[in-house]
Each structure stands twice: as structure tokens, then as C-alpha cells.
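>>> with the sequence up front, the predicted model follows.
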Amino acid sequence: GAVVSQHPSWVICKSGTSVKIECRSLDFQATTMFWYRQFPKQSLMLMATSNEGSKATYEQGVEKDKFLINHASLTLSTLTVTSAHPEDSSFYICQTRATSGRIQETQYFGPGTRLLVL
Amino acid sequence: AQSVTQPDIHITVSEGASLELRCNYSYGATPYLFWYVQSPGQGLQLLLKYFSGDTLVQGIKGFEAEFKRSQSSFNLRKPSVHWSDAAEYFCAVVPNTGGFKTIFGAGTRLFVKA
């Protein structure tokens, strides 16, 4: 199956700093990437959908100015948590969708990035 | 409203016993259906998926799931649970409306007792 990587795998930062998380599809081109957030003992919630070369689409209740998404290439999407606060501490997971658009090529998840804001 | 429901927050079974985790969905058209497992602090692992065809789907680690259209269900089963199966299980759907967003159920935590 396709491989999706995320970097870093975990990060600890001070409140007020910005953190960038990278999501890479290693062996196929991803037209679309999805970003999810998972708080402790909760399910995954979709934050936003990013399409290569265009602005991301954010789910209701997600602040686009706080969670900046850039999908500059078909293999890389980045999520930047700006001015992070303790309530942003969470597990962030990306998901890629191949350019073929087939459902069979949409369920590739990254290993996740755990963010802890002190 | 469109939703994915996992009615059991947690389930405890004895090692060697059978397991069934419930999942119901509420969508106009049958969505694409998935089951994932997540160990503590880890990412998601796909257990199995249903797109069309045979309603009984075999997955990895001895898991299977049955799609029942009449009940809008996609329950996960395993005939004999191992201690290593203790984890969080998520039912997920991708609505058959394009876009390919994945909607996750709330999850069911499985505990296995010796």
C-alpha cells in the first residue's frame, strides 16, 4: 500500500509559538489531503481539506487563520498551528487522496503527529 | 442527519471469546465503509473495507465485517479474541457523494481480560 509520512512524529512547544507539521505522500501524487485532529480519548474530526495549488477548505468551527494549510505540491501538505495554546494539544493526522480519484486510493493515513503545548 | 454511530463506548471480553462491535450509519445512499484499529498513542490501521459486492468482508488479524443494507449496519466480528486485540476501534464511512471525506464514529474501546 501507499506510504504517507508525517514529520515530526511528536513535538512539545511553549504557548504562543507556531508549529509546522508536514505530511508527505511517498509513492504517489496526492491531489487532495485531509487533516484530522484527535483529542485524547476522542474520535478523529476532520479539520480541513487541502487541494494542491488552491486554498484549503475548513470545516465549521475550525479557525483558518490559526491552522494554516499549504498544499504546494502533489506530495507535500503542511499544517501550521499558529500561536499554539495548551488547548491545541492534540494528535494531528493527515490523509491523502491519489490523483486517480478512486475510492480505493483515498484511505492512506499518516502515522500522526502528537502536539503538546505547555 | 448524516452520522456514524458506534453505540458501545467500551466493551470487555475474555481472551478466546468472540467479539462483535456495532456500527450503524445514516446516509441516503450506501457509503463506503471501513473499520480501523488504533493502539494507544499510535496511528490508524485499516482492518477491512466494503465498497460493493459480497456483503461479508474479510480483513486482517482474523477480523470480518458484514454489511447489512436493511439495517444500515457494518458490524465487526472476530471469533476468538487475543489479548493483543485490546485497542480502540473506529468505524468510518466515506459518503458516496464525492469529496471523499472520511467520517469517523466515536470509537469503541476494547478491553480483553485473561
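Received the coordinates, thanks. Note that the structure is a prediction, hence the values are computed from the model and not measured.
>>> what's the burial count for the closest residue to chain A within chain B?
Residue nearest to chain A within chain B: B:G43 (4.1 Å; Cβ to the nearest Cβ). (Each C-beta comes from the backbone N, C-alpha and C, glycine too.) By the criterion of other Cβ atoms under 10 Å in any protein chain shown, B:G43 has 18 neighbours.
>>> spell out which residues of chain A are next to chain B.
A:32, A:34, A:36, A:42-46, A:49, A:93, A:95, A:97, A:101, A:103-104, A:106-107, A:109-112, A:114 (Cβ under 8 Å from any Cβ of the partner chain).
>>> which of those residues count as buried?
Among these, those classed as buried by 16 or more other Cβ atoms under 10 Å in any protein chain shown are A:32, A:34, A:36, A:43-46, A:49, A:93, A:95, A:97, A:103, A:106-107, A:109-110, A:112.
>>> re earlier: shouldn't the residue of chain B closest to chain A be in contact with A:P111?
Yes: using Cβ atoms under 8 Å, B:G43 makes contact with A:P111 at a distance of 4.1 Å.
>>> anything in contact with each of those two?
Residues touching both B:G43 and A:P111 by Cβ atoms under 8 Å, 6 or more residues apart in numbering or on different chains: A:I93.
>>> what about chain B, any weak spots by pLDDT?
Low-confidence segments of chain B (pLDDT under 70): B:1.
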